[in-house]
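*Asks:* here's a sequence, model it:
(2 chains)
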Protein chains: 2
Amino acid sequence: MTKSIINERDFKTLKILMNLVEDLYSQIVREEIPHIKIPTRTKLNIEFDEESEVWVYGDRLSERSAKRARGAYQLLKTAYVIDFLKYQLEENRSSTLRELYYISEGWGKAKFREQQESDRLIEDLEIITDVQREYFHITPEEDGANIFGPIRLRERLRSGDTREFHCIDDVGEKGYPIPSNVDNLEFIEHDAKMVIAIETGGMYARLIENNFYDEYDAILVHLKGQPARSTRRLIKRLNEELKLPVVVFTDGDPWSYRIYASVAYGSIKSAHLSEYMACPSAQFIGIRPVDIEKYKLPTDRLNDQDIKALESMKTDPRFDTEFWREQIELQLKMNKKAEQQALARYGLDYVTSVYLPERLTEMGII
Amino acid sequence: MTKSIINERDFKTLKILMNLVEDLYSQIVREEIPHIKIPTRTKLNIEFDEESEVWVYGDRLSERSAKRARGAYQLLKTAYVIDFLKYQLEENRSSTLRELYYISEGWGKAKFREQQESDRLIEDLEIITDVQREYFHITPEEDGANIFGPIRLRERLRSGDTREFHCIDDVGEKGYPIPSNVDNLEFIEHDAKMVIAIETGGMYARLIENNFYDEYDAILVHLKGQPARSTRRLIKRLNEELKLPVVVFTDGDPWSYRIYASVAYGSIKSAHLSEYMACPSAQFIGIRPVDIEKYKLPTDRLNDQDIKALESMKTDPRFDTEFWREQIELQLKMNKKAEQQALARYGLDYVTSVYLPERLTEMGII
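*Replies:* This is a model prediction of the structure:
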């Protein structure tokens, strides 16, 4: 088992967690009833911040206090979890949310009744400490996807060693798999002019095969449907640190618009992470209802779920713009949807030689 | 656009496809009604071959003949598809099943009505030619997963260049992503004694973090639930060419037993591919009902779907062994299931320091 000296970031994270329990401890010493304040996590306390264009928590705070048995148990569980996270940080270990839940089996009265409860406690800790759970060495169950394009990365491995990858020259056909904690990556150098985040594996492979990354100096990121945390964090960092424009290329249906929105604006569920993951400048280059007509794409009819999803978008503040209102109305009227791969009706090169260049030109990106 | 001289394998594949259309052509010249013979793809014509322990097609043949309009259209579509595959092989292009379906939009009367129809035609071609569709340059929509362990691979890229990867020394935290066509890989050298195929991403990460690959010289393959074609093909090749024993590590529920069965015996749907993908010597190292008791694992109750799935396993010839009959009965009696990550109840190291070594010893692998 590799054992390494605790690194600076882990040390900082540990200190934040320790402050939290020291606060609790000094409350007890001062003969106060121990308690923790945390932003209320109800829908009522989540706001769409117009300026930064992401979801954030409002001012409401709720208190976890040992005044009642239920609150006391919660603080007990919090202390156990922090103790476990301390072990992880000191020993350079990591675990999934699921493992954490099972680990608690040995904690007697602090045992979680179901995984939802431990998941939520970790999210609470993210909110209280303003630190992403990856920094606690809690790794996602879900896989990040792959990226391909003109950028050289340095990955810090668990051993503390680093390894460099150029995401064209040092990778295979599938590209470079995004690690669990994207903040273990350093961007060394790049020749990229844009980031294209792509919904389907088929289209990701298409843009690689057609050398689009090379011709347009594009970093291709596979979203794999609704993107994982690590994928969103990577896109955010490419946008923020390298000042690269981001476009999101999806199918033309409401589920895909939601994929775009989760990249651009984040979600209610992860409002506390918007700062790290949301990328409000990301633009939609997926199939718009207007493109279905313009490019005469093969379509399917909307089904009941599609229609319901489009209707509910009308009250979603993330889609409360003239552009989206128009597109939603148009799609409901047309009663049609189209997939990104439908562009293949004009041949395998149409997407890279016609569709994307036209859209990127319209957007002023090329 | 890179254009390369057609390689030997593509040339061979092209020839097989050309023979097929030349047959049709000479039937016409001889004034016969053009037709193709193909094994009947109904359940009645699929047998579990006791000797090789995989699903295979029986002797029944059906004929696609131009005698009737429907058959004539099918032969027309077949000719168009082969023409498209010829283009792909000659020009070194590739596409997904979905793209192929959309490509047919431009084929007039040979246009497919739905994707199921074109998918099926490609499967027919696989059966008739005994060539996997990856050789036609039809790539899967679904992603393969990642591998990690003591093996050096050489990947042939589309450009014809090759690139080498040692799956510990030349990869990041997530390992090496399996390419679409695993037959583009060459195994250069390895120090492995076994292959462990793992259901969840969390457990795959656990075995990497705990250095299990190093201590036990194991190649770790992430199955990501029901494994993709490329993942199954890779496992098969590691088993067959390197003579490595394969163990499949999953949760303890009927869905996971099916994952094991698909690695080991293949599925009815892909009976024609058993030869390339099924790995009948693969052993189950996942959580058995007997392990739930032995290791006192945290459990959930079986739900109605679980019970139904277990009941239907009783008539599945793949599970018609003393071992599985006993385990199915035991699980129904216990009315419990457990996840592989439940082993974390004894700490993060229990799975690698106790569970897997005990099971591997029982199996005679270590």
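
*Asks:* so where's the stretch 1-150 of chain A shaky on pLDDT?
*Replies:* Counting by pLDDT under 70, the stretch 1-150 of chain A shows low-confidence ranges at A:1-4, A:43.

*Asks:* rerun that using 80 as the cut-off
*Replies:* Scanning the stretch 1-150 of chain A for pLDDT under 80 picks out the ranges A:1-5, A:41-56, A:142-144.

*Asks:* what ranges of the stretch 251-366 of chain A fall below the confidence cut-off?
*Replies:* Along the stretch 251-366 of chain A, the model assigns pLDDT under 80 to residues A:267-270.

*Asks:* residues in it within reach of chain B, list them.
*Replies:* A:298, A:339, A:341-348 (C-beta under 8 Å from any C-beta of the partner chain). C-beta here means a position set from N, CA and C on the backbone, and glycine is covered the same way.

*Asks:* want to throw the residues you listed into CSV with neighbour count and secondary structure?
*Replies:* Below are these laid out as CSV (neighbours: other C-beta atoms under 10 Å in any protein chain shown; DSSP: H, G, I helix; E, B strand; the rest coil):
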residue, neighbour count, secondary structure
A:Pro298, 18, coil
A:Glu339, 26, coil
A:Gln341, 26, helix
A:Ala342, 26, helix
A:Leu343, 26, helix
A:Ala344, 28, helix
A:Arg345, 20, helix
A:Tyr346, 19, helix
A:Gly347, 15, coil
A:Leu348, 23, coil
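
*Asks:* now for those, which pair is the farthest apart?
*Replies:* Every pair in those was compared (C-beta to C-beta); the two farthest apart turn out to be A:Glu339 and A:Gly347, at 15.9 Å.

*Asks:* thought A:Gly202 was touching B:Arg98?
*Replies:* Yes: using C-beta atoms under 8 Å, A:Gly202 makes contact with B:Arg98 at a distance of 5.7 Å.

*Asks:* overlap in contacts of the two?
*Replies:* Common contacts of A:Gly202 and B:Arg98, defined by C-beta atoms under 8 Å, 6 or more residues apart in numbering or on different chains, comprise A:341, B:141.

*Asks:* domain assignment for chain A?
*Replies:* Domain assignment for chain A by automatic domain parsing gives A:2-139, A:146-362.

*Asks:* the longest one spans what distance, first to last residue?
*Replies:* This means domain A:146-362. Its start and end residues considered, domain A:146-362 measures 28 Å (C-alpha to C-alpha, to the nearest Å).

*Asks:* tell me how far it is from the chain's mean position?
*Replies:* 12 Å (C-alpha atoms, centre = their mean, to the nearest Å).

*Asks:* same thing with stretch A:111-130?
*Replies:* With C-alpha atoms, centre = their mean as the basis, stretch A:111-130 stands 18 Å off its chain's centre.

*Asks:* what sits up against it?
*Replies:* For stretch A:111-130, contacts defined as C-beta under 8 Å, 6+ apart pick out A:16-17, A:20, A:36, A:38-39, A:41, A:57, A:74, A:77-78, A:81-82, A:85, A:97-98, A:100-101, A:104-105, A:131-133, A:136, A:138, A:272-273.

*Asks:* now, of the residues you listed, which are buried?
*Replies:* Buried positions within those, assessed by neighbour count (16 or more other C-beta atoms under 10 Å in any protein chain shown), are A:17, A:20, A:36, A:38-39, A:41, A:57, A:74, A:77-78, A:81-82, A:85, A:97-98, A:100-101, A:104-105, A:131-133, A:136, A:138, A:272-273.

*Asks:* which of the residues you listed fall in helices?
*Replies:* Judged by DSSP state H, these include A:17, A:20, A:74, A:77-78, A:81-82, A:85, A:97-98, A:100-101 as members of helices.

*Asks:* can you pick out the most distant pair from those residues?
*Replies:* Among these, the pair separated by the greatest distance (C-beta to C-beta) is A:Leu20 and A:Arg98, at 23.6 Å.

*Asks:* hmm, back to that, return the most buried member of the domains of chain A.
*Replies:* domain A:146-362 (a mean of 19; mean count of other C-beta atoms under 10 Å in any protein chain shown).

*Asks:* helix, strand or coil for A:Ser52?
*Replies:* coil (DSSP: H, G, I helix; E, B strand; the rest coil).

*Asks:* I figured it was touching A:Ala271, is that so?
*Replies:* No: with contact defined as C-beta under 8 Å, A:Ser52 and A:Ala271 do not form a contacting pair (11.8 Å).

*Asks:* my read is A:Phe165 is in a strand, agree?
*Replies:* Yes: under three-state DSSP, A:Phe165 sits within a strand.

*Asks:* state the distance from A:Ala228 to A:Glu141.
*Replies:* 9 Å (C-beta to C-beta, to the nearest Å).
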